[in-house]
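Engineer: sequence and predicted structure are below.
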Amino acid sequence: MTPTTHVQRTAVVTGAARGIGAAVARRLAGDGLAVGVIDLDEADCAETVEAITSVGGAALAVAADVADEAAVTAAVARIAAAFGPPTVLVNNAGIGPRADLVDMTTQQWDTVLGINLSGPFFAARAVCPHMVTAGWGRIVNMSSISAVGDVGRVDYASAKAGLIGFTKSLALQLGPHGVTANAIAPGFVVTDMTRASARRLGLSFKEFRYRAEQSIPVGRVGLPDDIAHTASFLVSPGAGFVSGQVIYVAGGPVD
């Protein structure tokens, strides 16, 4: 099923103040969607919103902690009031601190799963009724190659693996309503998170990036726009027969 002329193309992108989320928001706006830009601090979203509106696009910054159910519900309602019911959701917000298992606190575990897994649940639950009513929708959840295992981040890996199961379950449940759900699993992408990883390892980002490039078949690391291009396809009308899939955007195969 393709969207009919009365379906407003409104997207919600979480964690969109910078990095991958910002790139996705800009790309979807370039594709003609109005974009609700969600992040912790509304002021932090100003650059993303300006990049969209300065070229004639429509964007709205909304502050919300995605781990807060009420805040997510209110954010989606505000975006719907501004642009019409959202039929595209990109769950990108996430954190990935490192800690060995024995040093990981219960608070860190709960925080990481709250943002990376509960957040997408809250957002999907808030947006889903709009998609079902429209008879059309696209959900993209940002997983990671860490879902197959990551030393020092059992919390992050668990959340990203759980997100894959969540995505496949959404695809099964929402498919009859014209809604697809897919996951993108990025590899090494130049973001604040990978820069922070370099600092934790005591490496310059240049050295950290160089080491990563040596293990990537295409010979380079990823950029936020690489992920945005994939998201653009997955939320397009032409991707209506792609659902429940995990797309590894990692410069090569992932075991």
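Structural biologist: All right, it came through fine.
Engineer: where along the stretch 1-150 of the chain do the helices fall?
Structural biologist: Ranges of helices within the stretch 1-150 of the chain are 19-30, 46-53, 69-83, 106-113, 119-134, based on DSSP state H, counting those that start in this stretch.
Engineer: tell me what angle the third one forms with helix 119-134.
Structural biologist: In terms of direction (axes from the mean of the first three to the mean of the last three C-alpha atoms, to 10 degrees), helix 69-83 departs from helix 119-134 by 40 degrees.
Engineer: if we can go back for a sec, mind putting the helices of the stretch 1-150 of the chain into a markdown table with distance to Q173?
Structural biologist: All C-beta spots, glycine's among them, are computed from the backbone N, C-alpha and C. Shown next, in a markdown table, are the helices of the stretch 1-150 of the chain (distance: least, C-beta to C-beta, whole Å):
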| stretch | distance to Q173 |
| --- | --- |
| helix 19-30 | 24 |
| helix 46-53 | 31 |
| helix 69-83 | 19 |
| helix 106-113 | 21 |
| helix 119-134 | 9 |
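Engineer: report how many residues lie close to V249.
Structural biologist: 19 (other C-beta atoms under 10 Å).
Engineer: which parts of the chain are strands?
Structural biologist: 10-14, 34-39, 59-63, 88-91, 137-142, 179-186, 246-249 (DSSP state E).
Engineer: tell me the mean pLDDT over the fourth one?
Structural biologist: The pLDDT scores in strand 88-91 average 98.
Engineer: if we can go back for a sec, now the strands of the chain as TSV including distance to P224?
Structural biologist: TSV is the format used below for the strands of the chain (distance: least, C-beta to C-beta, whole Å):
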stretch	distance to P224
strand 10-14	12
strand 34-39	14
strand 59-63	17
strand 88-91	13
strand 137-142	11
strand 179-186	9
strand 246-249	11
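Engineer: the closest residue to N116 other than its chain neighbours: what's it in contact with?
Structural biologist: Of all residues not flanking N116 in the chain, A159 sits nearest, at 3.6 Å (C-beta to C-beta, 6 or more residues apart in numbering). Applying C-beta atoms under 8 Å, 6 or more residues apart in numbering to A159 gives the contacts G94, V112, L113, N116, L117.
Engineer: now, which of the residues you listed sits nearest D225?
Structural biologist: Of all the contacts of A159, G94 has the smallest distance to D225: 18.2 Å, by C-beta to C-beta.
Engineer: tell me how far the nearest residue to that closest one once chain neighbours are set aside lies from V249.
Structural biologist: Using C-beta to C-beta, 6+ apart and skipping the chain neighbours, the partner closest in space to G94 is N116 (4.7 Å). For N116, the distance to V249 equals 18 Å [C-beta to C-beta, to the nearest Å].
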